[in-house]
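In: Sequence isn't available, so here's the structure alone:
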Ligand code: AMP
C-alpha cells in the first residue's frame, strides 16, 4: 500500500482506520523532519517490530526556547516524503501547530526534576515540550511500539520515565546513533556548520571515543575533557555547555563507585550551532 500523508488529526484518524486489521502492530517514529540516515535507521528498526510504520514530521514549537533555532530549523518536507516512501512507511503525520495544539490549551506533561538537569539546565522547558508532544502523538497514533534514538539520550530516558510513570501502553525501542565516517553524529543541524566549524565539531565524538577508552569515571572525564579543552582553543572554537558521565536512566552524575553502564554526554556550540552527542560506557568493576 502506498504512503498516505496526513496533514491533520482528522486525516490521521482516517488513514489509521483504512489500515486497521485485527492484530496488526503499529510502530511510531516521531521526528522533526529534515530526515537523514539516522532517522531512516529508526524507521528500519520500527519495521522489525510492527506491520505498519507511522512517521510524524513536526517541528514542535513547545520544545524550542526563545532565541533557539525554531524559525530556521531545516524543513525539507518533499525529500522527507520521498525518504519515507523508500522506507515503506505507511503514514506520514505532518500536522500544523494549529491543528495539533488547541488555542486555549492548559495542560501539558512535566518532565519533573529530570527535565531540569544536564540538557535541561541549558534548555528550560524543553523536555516538558518534548514529553507533551510525544504523549499527544501516542494518543493520536496509538502505536504498539515507539522508536527513539540513543542520540538524544536524556530525551530517551525521559520518555521511558513518562511511559512508566503515566502507564502509557506503548513499548519504547531505542536505536543506536548513526555517524559520519569521521565520527560526527548525524543531525539535522549539521547542515548549519561551515567546513571549518564542522572540523571543530569533530571534537565532540572524538572526546567521547577517547573517554570511552578508560574504565573509571575520573579517567573517562579527564580524557574526554582534554579533547574538548583543545577544541576550545581551535579556530573557530568549541564552546562547551556540559560534559557529564551520568546514569542512563536518571541522568544524575555517577560517582567513582558506580558500576555498570553510564552515559558520557556532551553538548557544545560551534559558531551558532548547538550540538549534542553521547556514548554508553560499561564501567569496570
Ligand atoms: P529529531 O528529528 O532530531 O527530533 O530526531 C528524531 C529521532 O531521530 C529522535 O528519536 C532522535 O534521537 C533520532 N536521531 C537523531 N539523530 C540520530 C542519529 N544520528 N542516529 C540515530 N537516531 C537519531
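Out: Thanks, I have the structure now. Here the structure is a predicted model, which is why all the values come from computation and not from measurement.

In: Any figure for the gap between residue 64 and residue 49?
Out: Applying C-beta to C-beta, to the nearest Å, the value for residue 64 to residue 49 is 30 Å. Every residue, glycine included, has its C-beta placed from N, CA and C.

In: List the single closest residue to residue 51 in space, sequence neighbours excluded.
Out: residue 24 (4.4 Å; C-beta to C-beta, 6 or more residues apart in numbering).

In: Report how many residues lie close to that neighbour.
Out: Using other C-beta atoms under 10 Å, residue 24 is surrounded by 12 other residues.

In: now do the one 4 residues further on
Out: A count of neighbours around residue 28, defined by other C-beta under 10 Å, yields 26.

In: Without its sequence neighbours, what residue ends up closest to it?
Out: Per C-beta to C-beta, 6+ apart, closest to residue 28 is residue 143, 3.8 Å.

In: How about the contacts made by the one you found?
Out: Neighbour list for residue 143: 26, 27, 28, 50, 54, 170 [criterion: C-beta atoms under 8 Å, 6 or more residues apart in numbering].

In: Looking at these, which is nearest the ligand?
Out: residue 28 (10.6 Å; C-beta to the nearest ligand atom).

In: quick one: that closest one from residue 263, how far?
Out: To residue 263, residue 28 is 24 Å away according to C-beta to C-beta.

In: check contacts around the most centrally placed residue in the chain.
Out: In the chain, the C-alpha nearest the mean C-alpha coordinate belongs to residue 152, at 3.8 Å (C-alpha atoms, centre = their mean). Shown in contact with residue 152 (C-beta under 8 Å, 6+ apart): residue 276.

In: and the longest helix along the chain, how far from the chain's centre?
Out: Ranked by number of residues, the top helix in the chain under DSSP state H is helix 195-212. Between the centre of helix 195-212 and the centre of its chain there are 19 Å (C-alpha atoms, centre = their mean, to the nearest Å).

In: pLDDT score for the spatially closest residue to residue 5 that is not a sequence neighbour?
Out: Among residues not flanking residue 5 along the chain, residue 92 sits closest, at 5.1 Å (C-beta to C-beta, 6+ apart). At residue 92, the pLDDT value in this model is 98.

In: and the helix or strand containing residue 92, is it in reach of the ligand?
Out: Of the helices and strands defined by DSSP states H and E, residue 92 is found in strand 91-93. No - Strand 91-93 lies out of reach of the ligand by C-beta under 6 Å from any ligand atom, never closer than 13.2 Å.

In: Name the residues that touch that strand?
Out: Contacts for strand 91-93 (C-beta under 8 Å, 6+ apart): 3-6, 12, 15-16, 19, 52, 54-58, 80-81, 84, 137, 140-141.

In: Pull up the residues of this protein that are close to the ligand.
Out: 31-32, 38-39, 41-42, 148-149, 151-152, 175, 177-178, 185-188.

In: Narrow these to those in helices?
Out: Filtering those for helices - DSSP H - leaves 38, 39, 41, 42.

In: shaky segments in the stretch 1-150 of the chain?
Out: 1 (pLDDT under 70).

In: hey, where'd the helices end up in it?
Out: 9-18, 37-47, 77-86, 97-100, 119-122, 126-141 (DSSP state H, counting those that start in this stretch).

In: What residues of the longest helix of the chain count as buried?
Out: 197-208, 210-212 (16 or more other C-beta atoms under 10 Å).

In: Over to the residue nearest to the centre of the chain: give its phi and psi.
Out: With angles defined as degrees, to the nearest 10, residue 152 sits at phi -100, psi 80.

In: all strands for this protein, in order.
Out: For the chain, the strands defined by DSSP state E cover 4-6, 26-31, 52-57, 91-93, 145-149, 171-175, 238-246, 260-270, 273-283.

In: neighbours around residue 280, how many?
Out: Other residues close to residue 280 by other C-beta under 10 Å number 16.

In: What's opposite it in the beta bridge?
Out: residue 263 (DSSP bridges).

In: so how far is the ligand from it?
Out: Per C-beta to the nearest ligand atom, to the nearest Å, residue 280 is found 13 Å from the ligand.
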